[in-house]
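Sequence plus the predicted model coming up.
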Amino acid sequence: MKQKRNSLDVLNAEINGDNIKMQSYQEKFIKDLSKEDTKIAVSGFIVDKKDNSIIVNDNTGNLIVICETNLDLNNFVRAFGTLFYNQDLMMQADLIQDLNNVNKQLYQKVKLIFNPKQ
C-alpha cells in the first residue's frame, strides 16, 4: 500500500532528486469553474465581506472565498486556493493578493489572451 507523503518526505525527495509533481494553481474565470477543478486562482473585486469570507466578482460570476483579510470592499484581488463544493462552489483561500495597483483593463486583456473562453 502506498503511503501519503508529508512535508518532510517532500523535502527529502527534493534533496535526493526524486521527481515530485505538485499541482499548480490554474487561473480561471468564475463562470468556467467546475467540480473537477481543485487548485485555482480567480481575480476580481471584493463585492461582499463577512467575518471569515469574501465574495469575489470577476464580471462572469461570484465566488465565495473562505479567508480572513483586512482588504475592503471594491478592492481588486486575486485569490489562490482549493475549490470545494458545499451546495455552491466555494474556495478555501491559501493566499489573497492585492491587485489594486494593477491596470485593471490591461490585466483583463492579458487574461483574455491566455484564457479566450470568455
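Yep, that arrived.

just checking, residue 53 touches residue 63?
No. Using Cβ atoms under 8 Å, residue 53 is not in contact with residue 63, being 10.2 Å away. Placement of C-beta: from N, CA and C, glycine included.

More neighbours: these two, which one.
A count of neighbours by other Cβ atoms under 10 Å puts residue 63 above the other of residue 53 and residue 63, at 24 against 17.

what's near enough to touch that one?
Contact analysis of residue 63 by Cβ atoms under 8 Å, 6 or more residues apart in numbering lists 30, 33, 42, 44, 55, 56, 57, 79, 89, 90, 91.

Show the buried residues in those.
30, 33, 42, 44, 55, 56, 79, 89, 90, 91 (16 or more other Cβ atoms under 10 Å).

Now do the buried residues in the strand or helix carrying the last one.
So the one you mean is residue 91. Take DSSP states H and E as the rule and residue 91 turns out to sit in strand 88-98. In terms of neighbour count (16+ other Cβ under 10 Å), strand 88-98 has its buried residues at 89, 90, 91, 93, 96.

Between the buried ones among the contacts of residue 63, which sits nearest residue 101?
residue 44 (15.8 Å; Cβ to Cβ).

Any idea how many residues pack against the residue nearest to the closest one when sequence neighbours are not counted?
Leaving aside its chain neighbours, residue 44 sits nearest to residue 58 (3.4 Å; criterion: Cβ to Cβ, 6 or more residues apart in numbering). Counted with other Cβ under 10 Å, residues neighbouring residue 58 total 20.

Distance check, residue 44 against residue 75.
10 Å (Cβ to Cβ, to the nearest Å).

meant to ask about residue 59, not that
For residue 59, the distance to residue 75 - Cβ to Cβ - is 15 Å.

what's the answer for residue 91, then?
On the measure of Cβ to Cβ, residue 91 and residue 75 end up 17 Å apart.
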